[in-house]
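J.: Provided below are the primary sequence and the corresponding predicted coordinates.
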Amino acid sequence: MIWGKIMWITKLQCLLLLTCAKMEQLWIINYTCMERTNVNNPEYYHKVVDCQYACPAHTPVPEYIRLIAAGKYTEAYMVNWESNVFPGVLGRTCDRPCEPACRRGRVEEEPVAICRLKRVAADHKSSIQHLLPSIPEQKNGKRVALVGGGPASLTVARDLAPLGYEIDLYDDQMKGGGMMRSQIPSFRLPAEVLDEEVDQILNLGISAHFNTRVNSLRDLMAKGYDAVFVGTGAPKGKDLEIPGRHDAGANIHIGIQWLASVAFEHIHQIGKKVIVLGGGNTAMDCCRTARRLGGEQVKVVVRSPFAEMKASPWEKEDAMHEDIPIIDNHVPKSFVVENGKLKGVMFEKVSPVYEDGKRKLKPTGEPDVLIEADDVLIAIGQENTFPWIERDLGLEFDQWGMPIINPHNFASTVKGVFFGGDAALGPKNIITAVAQGHEAAISIDLYCQGKDLNERLEPRTKLQSTKMGIHEWSYDNYVAADLRYAVPQADKSETLRDRKKEVELGFDLKTAFKEAQRCFNCDVQTVFADDKCIECDACMDICPTSCITFTYNEEDEAALRQKLLVPALNLEQDLLVSGPLKTGKVMVKDEDVCLHCGLCAERCPTAAWDMQKYLYNTAKAGHHCYV
C-alpha cells in the first residue's frame, strides 16, 4: 500500500473529498474527534492543582509549601494572607478540604500536612506590618456597614479598606472574630493568635463598634450606608425536644451557647459525669472542654455509626486521646429526671440499614440503655436566625427562614444588601466564610460603582518555565516514599488541667522542612508542544504512572479514556489532549495520576515537554494584589 498525504479533516471535508475524482491519496484518520485541550482556560491548570482547587479560597498551596521548605516563612505567610486572610487561625483549625484532594494521598495513606504547614509560616514569620496594604487618606466617598465580626465580615473589610471605603463593623461581642472566638476553644486556638490576625484587619482603618447589637436592618440602612453586608453566622444551636427536656433545664445546655459562655468566662465548671449529644466538630469541642472544666466521665453519644460521624477524623482522634469514649448507634429517647434532678439519658440502640443508597437507623430490639449524667451538652447542629431583619423590606426568605441569596455574587433581593459566611448559605466553616467574603467584597465594589454584579473578575494567572539547565528545574522534583510526620502535642496531664493551654505544639523547623518535601509540586505543569514532538515514546516509557499515551483520537471522550495505556477513570479530572501529530496520532495525558515528577521533560530529546509553574490567584475587589 502506498501512503499519501496525512491530513486531519472534518466530516464535511471527507464527503467533499470523496466526490473529487482527481483527489490525491489520503489517509483519513478521523472525521470527528475530541478537540485539542484549551490550556489557555485559566481553570484548566487550576483544576490540576488538586489541593488549591479544593480550597474554597483557592490558596496557592504548593507555592507556599515551597517557600516554607526554603525557609521563607514571611513570604509563605503573605501568600496565605492574600487568599485565606487568617493563616495562623486556619493553620490550627481549618477543616482541611485541601488534604483529601492531595496527590500524595494517592501514593501513600496520608496526604501532605498542608494545614499544619500553614501554621509553620504563621508561627515563624517576621513582622509583616510593612507588607500590609496602605490605606488611602482620601476616601472614595462610599460607606459600608458590616453586621457581625466573624471571618466573612473581616474578609470584606480587608478587601474593601485598601480601596478607600469607609467601613463600620458592628458586633455584639467584646472583640472581633465571631465564632472563631466564641466557639473554638483556646486549647485549639490561643486568644493571642486570633487577636493578632483580627487586629491586622481592624487596624486598616476599620471603625469597629463592639458590644453593639444591631436590632433593625431598617434602622441601619437609614444611616445612609451605600451597602450593607450581613455576616452574623449561624448563632442558634439546635435543641432536642424529647421527654424530660424542660424538667432539668439547668443541667441541659446547648453546645455552642455553652462554649461561648466558657470562652467569655461565664462558666468555669461542669459536673463529673457529662454526656455530649452529637457527632460533629462542635461536639468534639464540647467534650474536650468539659474534660478541662471538671468532667471526669465524659462520653460522646451519637446516632450514626462512628465512621459516618460529621466530625473530622483528627477531631475524633484528639477526643479519644483524652480518654473520651464515643458511643455510636444510640438514639436519645428521653432525659431521665428524678426528684427534680437530672439522672441521665435513656437511649435506644439502633443499627444502620442501607436501602437504595439511603441510610435508615432501625431499632435492634435490645433493651434501652440509661447513661447517667450530671450535665448534658446538646451539639446536634446550628441554625440561622434573623429576628432583627424586618420582613417588609423586600428581603425574601425561603421556607427554612434563610435569606434568598445569589450563590455567585451573594446579593440578596434588596439592592445593596449582601450576605456571606454561615448567614448566607448555612453553616459551613471558616475557609468557606472567607471565600464568600471575597466574592461579596467584589460585588459590593461593583455595586457601589454602578456595575453589573454578574461581571465577575478574572483570576490572576502566570505560567513560566522552571527550566534551569538541560535536565534541571528550579524546584525539587524528586519523588520519594515518605510517610506523614506527626504533629507533637503537649503532655495530656498538663493540657487537661488548663483549658487555655494549646494542645498541639506545631512542627519544629526541621520536621516542617521534611513534611514540605512530601509535596509533589502539582502547580508545576507538564506543558506539551505539539510541533516539537517526534513521537519517540520516550516520555511514555519513563512515566512512573503510565499517564501518557500516544493513540488515535476518538469522537467520544469515554472511548478515548478507555483506550489509554491505563484507562482514565476519574471523570472529574480532564484529559490533556494534543493536536494531531505527524503520524496522525494525538498525545493524551491523564492529569489525574500525574506526579509532576518531570521525568517526561527530562527524557524528551526535543524539549516537547516543559515543566512550567502555574500561579493562580483568585481576583480580589478592585483587582487589588497583596503579594
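T.: Thanks, I have the structure now.

J.: and residue 127, how many neighbours?
T.: 8 (other Cβ atoms under 10 Å). Backbone N, C-alpha and C define where each C-beta goes, glycine included.

J.: So it: helix, strand or coil?
T.: The three-state assignment at residue 127 reads coil, by DSSP: H, G, I helix; E, B strand; the rest coil.

J.: which residues touch it?
T.: Shown in contact with residue 127 (Cβ atoms under 8 Å, 6 or more residues apart in numbering): no residues.

J.: quick thing: my sequence starts at 659, can you match it?
T.: Got it, the first residue is 659 from now on, which makes the last one we talked about residue 785.

J.: gap between it and residue 1070?
T.: 40 Å (Cβ to Cβ, to the nearest Å).

J.: The stretch 859-1008 of the chain: helices as residue ranges?
T.: 875-879, 913-921, 939-950, 971-979 (DSSP state H, counting those that start in this stretch).

J.: Stretch 963-973: which residues count as buried?
T.: The neighbour-count check on stretch 963-973 (16 or more other Cβ atoms under 10 Å) flags 967, 969, 970, 973 as buried.

J.: now, among these, which is nearest to residue 1245?
T.: residue 970 (40.1 Å; Cβ to Cβ).

J.: Next up, phi/psi of the closest one, please.
T.: phi -60, psi 150 (degrees, to the nearest 10).

J.: Mind splitting this structure into its structural domains?
T.: Domains of the chain are assigned by automatic domain parsing as 790-893+1042-1106, 896-1038.

J.: Can you give me the first-to-last residue distance of the first one?
T.: Domain 790-893+1042-1106 stretches 24 Å from its first residue to its last (Cα to Cα, to the nearest Å).

J.: Next: stretch 1007-1022.
T.: 6 Å.

J.: Show me how far that stretch is from its chain's centre.
T.: From the chain centre to the centre of stretch 1007-1022 is a distance of 31 Å (Cα atoms, centre = their mean, to the nearest Å).

J.: residues making contact with it?
T.: Here stretch 1007-1022 has contacts from 961, 962, 963, 966, 987, 988, 989, 1006, 1024, 1026, 1027, using Cβ under 8 Å, 6+ apart.

J.: what's the most distant pair in the residues you listed?
T.: Longest span within the contacts of stretch 1007-1022, Cβ to Cβ: 966 and 1026, 22.4 Å.

J.: Compare the domains of the chain and give me the one nearest residue 1205.
T.: Closest among these, using Cβ to Cβ: domain 896-1038, at 29.1 Å.

J.: could you give me the average pLDDT of the closest one?
T.: Here domain 896-1038 scores 96 as its mean pLDDT.

J.: How about stretch 1164-1178?
T.: 96.

J.: What are the buried residues along that stretch?
T.: Buried residues in stretch 1164-1178 (16+ other Cβ under 10 Å): 1164, 1165, 1169, 1170, 1173, 1174, 1176, 1177, 1178.

J.: Endpoints of stretch 1036-1043, how far apart?
T.: 18 Å.

J.: try stretch 713-725
T.: The first residue of stretch 713-725 is 19 Å away from its last residue (Cα to Cα).

J.: From the chain's centroid, how far away is that stretch?
T.: With Cα atoms, centre = their mean, you get 11 Å for stretch 713-725.

J.: residues in contact with it?
T.: 704, 707, 709-710, 731, 733-735, 737-738, 741-743, 755-756, 770, 772, 775-776, 779, 1089-1090, 1092-1094, 1096, 1117, 1133, 1174, 1177-1182, 1273-1276.

J.: Okay, and which of these map to strands?
T.: Judged by DSSP state E, the contacts of stretch 713-725 include 1182, 1273, 1274, 1275 as members of strands.
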